[in-house]
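Novice: Next one to model:
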Amino acid sequence: MKKFTFSCAVALLALGSAYAQNNNTRINQAGDDHVALVYQEGRNNETTINQDGNKNSADVTQIGNRNTATINQTKEVYAKEASLKNTATITQFGNNNEATQTQRGGAYGNTLQNKAEVKQGDEASGKHASGNKAEQLQYDAAVQNKAYIEQTGNKNTATQHQLLASSNNKAAIQQSGDKNEANQFQNSFSAFNTASIKQSGDKNLATQNQNLLSENNIAKIEQSGHRNEAQQDQTWESADNNALVDQSGNGNYAIQFQRYASSDNTAKITQSGDKNTAGQSQSDESSKNKALITQAGDENTAEQHQVFGNVKGTAVIDQRGDANYALQAQLSGKHNEAEILQLGSSSYAEQVQAGNFNYAYAQSQWGEENTSIQYQEGVANSSVIKQYGDQNTAVTDQIGNWNSANIKQFGTGNTAVVMQAGL
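Specialist: Residues are numbered from 1 along each chain as shown. Model (predicted):
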């Protein structure tokens, strides 16, 4: 097959015609030391660059109107090697933006030293951007992945993958304003993961997974205002987990897992105001757990589990007012401890801990429809409940070993039940 290189020098010819109103550029190269650059200014812009194996790099800048740009630094889907020293960058400034970058490889063959970046809007803070969308994949046996997307304003969406035998992953998305969504995955044999999403204003949603044989995970989502939602997984063979969500105002909901062979867990959700719900799990072979939820006002709910292989426990929930409910679990034991504090409104709280150095504090629920239930199965149990006023009930049930319990309730419909069975 005849091999040709269309390299940097020829790519630069695209710049001359780029100012023309019907901009359009296509570059295809196959083999060796590729580079390609394109720059386009106004009207019906469009760019496509495809490059094949070896030292790829590509760069596109488009400045206004119907922008689209696509870079694939590629090889056939089932080829055993491809792409290699990839880098790709797209910058778009205003109007109907869209961008796609791929950096392929095939059937677990090379993709290699990936990096990809999309930025839609800004031009040193003229900040346009309009119909934004962006997707980056870094495909089959992708290796030293990094990816980054930044979008400012209007119909944002962004997705990053970094796929099957993915490796030194990192990914970040920032979006600001209007119909945001963002997703990051980092897929099947994923490795030194980190991922981060930051969104600000309007119909936010964010998702991060870091998938099946995931490893040194950290993930972080921050959202601020309007219909927030968030989810993080870090999933099956997950490892040195850590996850954080921080949301502030309006339709909040957040969920974190950290999944099956989970390990040095920590998880944290902080939500402040409006229709809060939160989750957190830290799953089956869970390990040096800690989890923490703080929600400050409005229709709170919160749950934490830290579940079957649970080891060094601790979980804290703090919900300062409104329609509270909270539950914590920690099931297969070791150094459990748990705490809930709900300062007022339609309270209910429950804590269940099964085995080893349990303690539970429970709550100062300070008013309105309080109830509180704590169970603990075995070893050094203790439990404390305090509930100053309104429809109180409190139950504590502590089956084996050094039980102790302490309940205080000052006023209105009190009931209290304690059952302990000792050594």
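Novice: which residue ranges form the helices in the chain?
Specialist: 8-11, 13-18 (DSSP state H).
Novice: So Gln398 is in contact with Tyr375, correct?
Specialist: Yes. Counting by Cβ atoms under 8 Å, Gln398 does reach Tyr375; the two are 7.2 Å apart. (C-beta placed from N, C-alpha, C; glycine too.)
Novice: Arg259: what's it in contact with?
Specialist: Applying Cβ atoms under 8 Å, 6 or more residues apart in numbering, we find Arg259 in contact with Asp233, Gln234, Thr235, Trp236, Ser238, Ser281, Ser283, Asp284.
Novice: How about Ala172?
Specialist: Counting by Cβ under 8 Å, 6+ apart, Ala172 has contacts Ala147, Tyr148, Ile149, Ala195, Ser196, Ile197, Lys198.
Novice: Would you point out the helix or strand in this protein whose mean pLDDT is lowest?
Specialist: Least confident helix or strand of the chain, by mean pLDDT, DSSP states H and E, is helix 8-11 with a mean of 40.
Novice: Return the set of buried residues in stretch 111-127.
Specialist: 111-123 (16 or more other Cβ atoms under 10 Å).
Novice: Nearest to Asn250 among those residues?
Specialist: When the buried residues of stretch 111-127 are compared for distance to Asn250 (Cβ to Cβ), Gly121 wins out at 23.7 Å.
Novice: quick one: that closest one and Ser176, what's the gap?
Specialist: 9 Å (Cβ to Cβ, to the nearest Å).
Novice: And for Lys133?
Specialist: Taken as Cβ to Cβ, the span from Lys133 to Ser176 is 15 Å.
Novice: what do you get for Gly126?
Specialist: From Gly126 to Ser176 the distance is 14 Å (Cβ to Cβ).
Novice: same thing with Ser332?
Specialist: 43 Å.
Novice: Between the two, point out the one with more neighbours.
Specialist: Ser176 (20 against 17; other Cβ atoms under 10 Å).
Novice: ok, how many other residues are close to Glu46?
Specialist: So Glu46, with other Cβ under 10 Å, has 17 neighbours.
Novice: Where does the prediction get shaky in the chain?
Specialist: Residue ranges of the chain with pLDDT under 70: 1-20, 76-83, 107-109, 363-365.
Novice: can you give me the strands in the stretch 51-200 of the chain?
Specialist: Remark: strands assigned in the stretch 51-200 of the chain by DSSP state E, counting those that start in this stretch are 59-62, 70-73, 89-92, 100-101, 110-112, 117-120, 135-136, 141-142, 148-151, 159-160, 172-174, 183-184, 195-200.
Novice: and for the fourth one, what are the contacting residues?
Specialist: Contacts to strand 100-101, defined as Cβ under 8 Å, 6+ apart, come from residues Ala69, Thr70, Ile71, Asn72, Ala88, Ile90, Ala116, Val118, Ala134, Glu135, Gln136, Leu137.
Novice: show me what contacts the first one?
Specialist: What it means is Ala69. Contacts of Ala69 by Cβ under 8 Å, 6+ apart are Val38, Asn45, Glu46, Thr47, Thr48, Val60, Gln62, Ile90, Gln92, Glu98, Ala99, Thr100.
Novice: Mark which of those residues are buried, thanks.
Specialist: Buried, going by 16+ other Cβ under 10 Å: Val38, Asn45, Glu46, Thr47, Thr48, Val60, Gln62, Ile90, Gln92, Glu98, Ala99, Thr100, out of these.
Novice: Please determine how far the last one is located from Gln120.
Specialist: If I follow you right, that is Thr100. Going from Thr100 to Gln120 by Cβ to Cβ gives 12 Å.
Novice: now swap in the fifth one and tell me
Specialist: Taking Cβ to Cβ as the measure, Thr48 falls 17 Å from Gln120.
Novice: With the second one instead?
Specialist: Distance of Asn45 to Gln120, computed by Cβ to Cβ: 13 Å.
Novice: do the same with the first one
Specialist: From Val38 across to Gln120, the span is 16 Å (Cβ to Cβ).
Novice: next one: Asn193
Specialist: From Asn193 to Gln120 the distance is 25 Å (Cβ to Cβ).
Novice: likewise Ala362?
Specialist: From Ala362 to Gln120 the distance is 49 Å (Cβ to Cβ).
Novice: Please apply the same query to Thr235.
Specialist: 29 Å.
Novice: Ile149 now?
Specialist: Ile149 is 8 Å from Gln120, by Cβ to Cβ.
Novice: Give me the common contacts of these two.
Specialist: Ala134.
Novice: Show me what the closest residue to Glu135 other than its chain neighbours bridges to in the sheet.
Specialist: With Cβ to Cβ, 6 or more residues apart in numbering as the criterion, Glu135 has its nearest non-adjacent residue at 4.7 Å, and that residue is Thr159. Beta-bridge pairing of Thr159 under DSSP bridges involves Glu135, Asn183.
Novice: Contact partners for Thr159?
Specialist: By Cβ under 8 Å, 6+ apart, the neighbours of Thr159 are Ala134, Glu135, Gln136, Ala182, Asn183, Gln184.
Novice: May I see those organised as CSV, with neighbour count added?
Specialist: Output for these, formatted as CSV (neighbours: other Cβ atoms under 10 Å):
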residue, neighbour count
Ala134, 28
Glu135, 18
Gln136, 29
Ala182, 28
Asn183, 18
Gln184, 29
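Novice: Output those as JSON lines; include the columns distance to Lys220.
Specialist: Shown next, in JSON lines, are the contacts of Thr159 (distance: Cβ to Cβ, whole Å):
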{"residue": "Ala134", "distance to Lys220": "20"}
{"residue": "Glu135", "distance to Lys220": "21"}
{"residue": "Gln136", "distance to Lys220": "19"}
{"residue": "Ala182", "distance to Lys220": "12"}
{"residue": "Asn183", "distance to Lys220": "15"}
{"residue": "Gln184", "distance to Lys220": "11"}
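Novice: beta partners of Gln376?
Specialist: Gln353.
Novice: how far away is it from Val60?
Specialist: 61 Å.
Novice: Strands of the stretch 301-423 of the chain, start to end?
Specialist: Under DSSP E, counting those that start in this stretch, the stretch 301-423 of the chain gives strands at 303-304, 316-319, 326-328, 339-341, 349-353, 373-376, 384-386, 395-398, 406-408, 417-420.
Novice: and Asn54, which of those is closest to it?
Specialist: Comparing those by Cβ to Cβ, strand 303-304 comes nearest, at 50.2 Å.
Novice: Before I go, just wanted to say thanks for your time.
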